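> only geometry, no sequence info:
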Ligand code: ADP
Ligand code: MG
């Protein structure tokens, strides 16, 4: 029997009263399988003593004498501090909200102490510890104890007991879900053994091996799903007409610059894909300012030349319009017909626009996600280009786009996707990368500034404005009503206009402005009529104004790493040196400090993306929380990269060597696929 087939209600286990059942319900545990998959989030290690002096190696577990009681703080904050000593030395136990420990651990008594200690204020101390009176030395336990996520009215002891019971009753009957050959090749324990060991390991090594087994299995099926999707896409035969590249050559002649080597090579990869007999699925990544737009337009011309239509989607109306303007300038002189499709297209203009798309009178449609609303259809959509949109849900919807033939699919992003996520969530995309920026760009100079030094940042900016450059000022909120303690874009726009830069023109841009108003501000800024643009993160992606060389981000510690990197990418796009000021406030958290430090230390988007993954985790980064099928519950994208590579390699090898999964060794895979819907081929 497979683990997932243990659908018996947990109440068949002895000792599950109504209160326990409710507590389990809160944890999402209903079946025996749910219970066995409620994995420990940590382990308690009381297998050997760890004295105070070795606190840095992990948790302390020791027998100690209580030397004295001290009190610190006043009134309600008065707190007990118990000074204890073991054979290695003294330590302090800070008993926040635990005054009763005064009675429990009187001076002179012997106690057993377990907990995380640190060196602070000249002493080894802890405020998160367990303490217990004992007679004589501690007796180490023979195994680690699991520490589970709990809900009210359920304690570790009770949960451990239930899981132990479930294991003894069911674990022996649980079958492996990966082929025996793979399991033995990697020296992995059986599933049944791994489940036992992940809950009640005898050592950290055993816990790790059990985790690796379960994570590998999860990743293996995830990758198998990707391999199957890829195979089914490649099975769709497309007849390609030739596109000699006349249009793209004509356009190149109109460009004021030559493509970089990187741009040439990614374009070659894309165009080659567009001539293969199956649909393209490619990810083009290149740091902000690396020149992806032009590559996309050149690729689009290849599709147009052979009679196909192209849809170019941007995440915001602002960006879509910017692309439309650039594209119009470049391709309309070649006779290519463009249309702009967003939600704000007026109701009068909409029917003829939709008709033109449907009749093939439009070659390239540029717009927002409105391009893919239900009433839009194309005559011959051959290529879909998605710019700066890596929210997974959106991509999935578009990838499943089934109107007519499956189009070629090119996704572009300036926020590099960490390798582990690329191989999983975008695992069926080929990846092209632009590594180097066009020549002549100087890396942006980044400064960290405490908010007390804001004045000098303003003065520096004034100097650049006087030289004719332009500046962005970015704030975390639009208006003061949202957060009283934060500077907001609206009030700062008027403050900067009236008091700081009265001699310059200041504009304001944020998401609550209407589309017309937004466009007007952006157009003025792009034309140099405004010197300063005060904004929220709407300027985060893609906006291209090469004359803007100063970026001031206030409350910088409140922005995510990728957002900061994107914002910084708005400047340093022209030939003048760019400057980015990260202005931070007093209440800087440790995490905020780490982010700013990372940004200060590198301008490499790939390094920043890896760092962001560590800080935020994959769900947050890609917006995949909602798509249940895609959640990895055991493997951790931050630490299981090697397992991931192995699993991917193995899954692809299985499909390649045996497309029909007909070898006897693949029987178990076939069974799992047959019984588990998320893996079925779509
Ligand atoms: P991103 O990759 O961030 O989308 P863009 O496509 O907006 O970058 O390009 C950034 C700027 O670089 C644009 O102003 C574009 O005209 C310019 N550019 C693109 N390719 C080149 C090149 N090969 N040489 C010089 N400038 C280029
Ligand atoms: Mg771009």
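Alright, I've got the coordinates. In this text, all values refer to a predicted model and were calculated from it rather than measured experimentally. Ligands and ions are numbered 1, 2, ... in the order given.
> So which bits of the one helix or strand residue 647 maps to are buried?
Residue 647 belongs to helix 641-657 when assigned by DSSP states H and E. Neighbour counts over helix 641-657 (16 or more other C-beta atoms under 10 Å) mark 643, 644, 646, 647, 648, 650, 651, 652, 654, 655 as buried. From N, CA and C alone the C-beta is placed, and that goes for glycine too.
> with these in mind, which one is nearest to residue 555?
Nearest to residue 555 among the buried residues of helix 641-657, counting by C-beta to C-beta, is residue 644 at 36.0 Å.
> contacting residues around that closest one?
Residues near residue 644 by C-beta atoms under 8 Å, 6 or more residues apart in numbering: 219, 223, 420, 423, 424, 635, 637.
> Of these, which is the nearest to residue 588?
Nearest to residue 588 among these is residue 637, at 27.5 Å by C-beta to C-beta.
> Now do the end-to-end distance for stretch 90-100.
Start-to-end span of stretch 90-100 (C-alpha to C-alpha, to the nearest Å) is 22 Å.
> outside of it, which residues touch it?
Against stretch 90-100 from outside (C-beta under 8 Å, 6+ apart): 52, 55, 60, 64, 67, 79-85, 101-102, 113, 117, 123-127, 129, 131.
> Inside helices: which ones of the contacts of residue 644?
Among the contacts of residue 644, the ones falling in helices (DSSP state H) are 219, 223, 420, 423, 424.
> Hmm, residue 648 and the fourth one touching each other?
Looking back up the chat, that one is residue 423. Yes - with contact defined as C-beta atoms under 8 Å, residue 423 and residue 648 form a contacting pair (5.9 Å).
> Report the two members of the ones in helices among the contacts of residue 644 separated by the largest distance.
Spatial extent of the ones in helices among the contacts of residue 644 (C-beta to C-beta) is set by the pair 223 and 420 at 12.1 Å.
> picking that back up, looking at the contacts of residue 644, which is nearest residue 241?
Of all those, residue 423 has the smallest distance to residue 241: 33.3 Å, by C-beta to C-beta.
> Can you pick out the residue with more neighbours from residue 223 and residue 420?
Neighbour tally, residue 223 and residue 420, criterion other C-beta atoms under 10 Å: the higher count belongs to residue 223, 25 against 22.
> How many residues are close by residue 489?
23.
> May I have the residues that are in contact with it?
Remark: with contacts taken as C-beta under 8 Å, 6+ apart, residue 489 is in contact with 474, 475, 477, 478, 479, 508, 510, 534, 535, 536.
> Quick check, pLDDT for the closest residue to the fifth one other than its chain neighbours.
So that's residue 479. In space, not counting the residues next to it along the chain, residue 479 is nearest to residue 490; the distance is 4.7 Å by C-beta to C-beta, 6 or more residues apart in numbering. pLDDT, residue 490: 93.
> Same check on residue 682?
So, for residue 682, pLDDT stands at 38.
> Same check on residue 641?
For residue 641, the pLDDT comes out at 89.
> now the one 3 residues further on
Confidence at residue 644, expressed as pLDDT, is 92.
> how far away is it from residue 187?
Applying C-beta to C-beta, to the nearest Å, the value for residue 644 to residue 187 is 18 Å.
> what does residue 3 give?
Going from residue 3 to residue 187 by C-beta to C-beta gives 21 Å.
> Of these two, which one has the most company?
Taking other C-beta under 10 Å, residue 3 and residue 187 do not tie; residue 3 has more neighbours (21 against 9).
> What parts of this structure come near ligand 1?
The chain has residues 257, 259-260, 263, 286, 288-294, 414, 438, 542, 544, 546, 573 near ligand 1, with proximity defined as C-beta under 6 Å from any ligand atom.
> Quick one: buried ones out of those?
The buried subset of the residues of the chain next to ligand 1 - by 16+ other C-beta under 10 Å - is 259-260, 263, 286, 288-294, 414, 438, 542, 544, 573.
> Now residue 537. Its backbone dihedrals?
Per-residue torsions, residue 537: phi -70, psi 10 (degrees, to the nearest 10).
> would you list the ones in helices among the contacts of residue 644 in a markdown table and tack on pLDDT and distance to residue 583?
Output for those, formatted as a markdown table (pLDDT from 0 to 100; distance: C-beta to C-beta, whole Å):
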| residue | pLDDT | distance to residue 583 |
| --- | --- | --- |
| 219 | 94 | 42 |
| 223 | 91 | 44 |
| 420 | 80 | 33 |
| 423 | 82 | 37 |
| 424 | 80 | 36 |
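> would residue 447 count as being in a strand?
Yes - counting by DSSP: H, G, I helix; E, B strand; the rest coil, residue 447 is part of a strand.
> Now it: closest residue in space, sequence neighbours ignored.
Distances taken as C-beta to C-beta, 6+ apart put residue 581 closest to residue 447, at 5.1 Å, once the chain neighbours are dropped.
> so what's that neighbour bridging to?
residue 447, residue 552 (DSSP bridges).
> those helices in the stretch 551-682 of the chain, which residues are they?
Per DSSP state H, counting those that start in this stretch, the stretch 551-682 of the chain carries helices over the ranges 561-568, 590-601, 605-616, 618-622, 641-657, 667-675.
> actually the stretch 51-200 of the chain, not the one I wrote
Under DSSP H, counting those that start in this stretch, the stretch 51-200 of the chain gives helices at 101-104, 156-170, 180-185, 191-199.
> mind checking which of those is nearest residue 147?
helix 156-170 (6.5 Å).
> Report the buried residues of that closest one.
159, 160, 162, 163, 165, 166, 167, 170.
> possible to save the buried residues of helix 641-657 as a markdown table with distance to residue 336?
Converted to a markdown table, the buried residues of helix 641-657 look like this (distance: C-beta to C-beta, whole Å):
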| residue | distance to residue 336 |
| --- | --- |
| 643 | 48 |
| 644 | 42 |
| 646 | 47 |
| 647 | 44 |
| 648 | 40 |
| 650 | 46 |
| 651 | 42 |
| 652 | 39 |
| 654 | 45 |
| 655 | 40 |
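> just those residues now: which is nearest residue 334?
If you rank these by distance to residue 334 using C-beta to C-beta, residue 652 comes first, at 41.3 Å.
> Compute the distance between the residue nearest to the closest one when sequence neighbours are not counted and residue 643, please.
Excluding its sequence neighbours, the residue lying closest to residue 652 (C-beta to C-beta, 6+ apart) is residue 227, at 5.0 Å. In this structure, residue 227 and residue 643 are 17 Å apart, going by C-beta to C-beta.
> ok, now residue 519?
Distance of residue 519 to residue 643, computed by C-beta to C-beta: 48 Å.
> Residue 242 touches residue 302, doesn't it?
No - contact criterion C-beta under 8 Å: residue 242 and residue 302 do not qualify, at 9.9 Å.
> higher neighbour count, these two?
Ranked by neighbour count (other C-beta under 10 Å), residue 242 and residue 302 place residue 302 first, with 25 against 9.
> Now name the helix or strand holding the more buried one.
Element membership for residue 302 (DSSP H and E) is helix 292-305.
> Which of the three states applies to the residue in the stretch 501-650 of the chain positioned nearest to ligand 1?
Residue nearest to ligand 1 within the stretch 501-650 of the chain (C-beta to the nearest ligand atom): residue 544, separated by 4.5 Å. What three-state DSSP gives for residue 544 is coil.
> Show the contacting residues for it.
Counted by C-beta under 8 Å, 6+ apart, residue 544 has contacts 322, 570, 573.
> which secondary structure element contains the first one?
Spelled out, that is residue 322. Element membership for residue 322, per DSSP H and E: helix 317-331.
> In that helix, which residues are buried?
Quick answer for helix 317-331 (16+ other C-beta under 10 Å): 317, 318, 319, 320, 321, 322, 323, 324, 327, 330, 331.
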